[in-house]
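Chemist: dropping the sequence and predicted coords here.
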Amino acid sequence: MSTPAPGGAASYAFLRTGRWVRLVTIAILVSLACVALGRWQWTRHVARAAEVARIEANYAADPVPLSDVLTAPDDALPDDAEWRPVEAVGTYADGGSLVLRARPVEGTPAVHVLAPLVVTMADGAPAVLIVDRGWLPAGSEEVAGGIPDPPAGTVRVVARLRPPEQPSSRVGPPGQVYTIDPPAALAASGAPADVTSLPVLEAYAMLASEDPTAPLAPEPLPAPETGLGSHLSYAFQWWVFALGALVGVVVLARREATATGVGGASAGVAATPRRRRPSAEDEEDALVEAALQREEPQRDRT
């Protein structure tokens, strides 16, 4: 009957014990969880990359007439039209400028200047487009004349469309708002009643240029953030953790096999008997026997 070689299959018989079954099961579950988390981060990376590609393509596109994107005031802005430049001709409402509070720009405390622009829709009916004309340092709204007026008369505007923001429960001072919710912004403006009674578009516009220009104007708005974030690196980190959980349990198993299997006892190999250390009596007997062997030749010569 052959004897299993050290380090062979029999060396890993301990893997069938309850302790090791639980350990291997936990390692597999941890690995699967890390794989799932990595896939989730990868999905977020792919979605963000697609969004960035859409933003960059729309932001750099040539302007199209406003009516090509929004044909009626109650039309929702299509997802693929966000940041798309449009061209509109209209007049800013007299005294209608208002302030969007608490909007930092690249780390600088700032406010934005909003203004209602009366435009003509495809059917010839008037409507109001809320235009974000740019930003000013925070506190400008507290200074008399700190908010510049838009150009008077007919103006040609090129601006990028954005979907409306969620309404805010916060109520600002007169002429100030916390979000760009077009109906609330129009109601908070100082525009005359014949303007505030008009339908307002379900989108707002971030100003790129206006012709003619005003003598004083807010600072231009920065381009949108197009960084991809850390989703891709997080995905690879989770997958490394998944591999590490499996490698870790393999390393532990090999160490266990080395500790219990090499030498043969736990692997079914006959153990080599250990030699017993001689006692004092054994050493004394050995000395006496050696002395007798030396004296034997001398007796033979005599």
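Modeler: Good, I have the coordinates. Numbers count the residues shown, from 1 in each chain.

Chemist: pLDDT on stretch 157-166, on average?
Modeler: The average pLDDT for stretch 157-166 rounds to 95.

Chemist: for that stretch, buried residues please.
Modeler: Judged by neighbour count (16 or more other CB atoms under 10 Å), stretch 157-166 contains these buried residues: 157, 158, 159, 160, 161, 162, 164, 165. Every residue, glycine included, has its C-beta placed from N, CA and C.

Chemist: now do it: distance from first to last residue.
Modeler: End-to-end distance of stretch 157-166 (CA to CA, to the nearest Å): 25 Å.

Chemist: work out the gap between it and the centre of the chain.
Modeler: 25 Å (CA atoms, centre = their mean, to the nearest Å).

Chemist: which residues touch that stretch?
Modeler: 58-59, 63, 69-70, 76-77, 81-90, 117, 131-132, 179-182, 202-211 (CB atoms under 8 Å, 6 or more residues apart in numbering).

Chemist: what segments of the chain are strands?
Modeler: 64-65, 85-92, 98-100, 110-120, 126-137, 154-162, 176-177, 200-211 (DSSP state E).

Chemist: turn these into JSON lines, including distance to residue 188.
Modeler: Listed next are the strands of the chain as JSON lines, based on distance: least, CB to CB, whole Å:
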{"stretch": "strand 64-65", "distance to residue 188": "28"}
{"stretch": "strand 85-92", "distance to residue 188": "16"}
{"stretch": "strand 98-100", "distance to residue 188": "6"}
{"stretch": "strand 110-120", "distance to residue 188": "9"}
{"stretch": "strand 126-137", "distance to residue 188": "11"}
{"stretch": "strand 154-162", "distance to residue 188": "18"}
{"stretch": "strand 176-177", "distance to residue 188": "5"}
{"stretch": "strand 200-211", "distance to residue 188": "12"}
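
Chemist: out of these, flag the one nearest residue 30.
Modeler: Closest to residue 30 of those is strand 154-162 (CB to CB; 43.0 Å).

Chemist: so what are the sheet partners of the closest one and their directions?
Modeler: strand 85-92 (antiparallel), strand 200-211 (antiparallel) (DSSP bridges).

Chemist: reformat these as CSV; add mean neighbour count, distance to residue 171 and mean pLDDT.
Modeler: Shown next, in CSV, are the strands paired with strand 154-162 (neighbours: other CB atoms under 10 Å; distance: least, CB to CB, whole Å; pLDDT from 0 to 100):
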stretch, mean neighbour count, distance to residue 171, mean pLDDT
strand 85-92, 20, 25, 95
strand 200-211, 20, 19, 95
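
Chemist: out of those strands, the one nearest residue 32 is which?
Modeler: strand 200-211 (44.1 Å).

Chemist: I'd like the distance from that closest one to the chain centre, please.
Modeler: Its chain's average C-alpha position is 30 Å from that of strand 200-211, according to CA atoms, centre = their mean.

Chemist: what do you get for stretch 219-239?
Modeler: Distance, centroid of stretch 219-239 to centroid of chain: 7 Å (CA atoms, centre = their mean).

Chemist: pLDDT of that stretch, averaged?
Modeler: On average, stretch 219-239 scores 91.

Chemist: can you list contacts of it?
Modeler: With CB under 8 Å, 6+ apart, stretch 219-239 has contacts from 34-35, 37-39, 41-42, 44-45, 48-49, 52, 55-56, 59, 83, 105-106, 112, 132, 134-136, 206-207.
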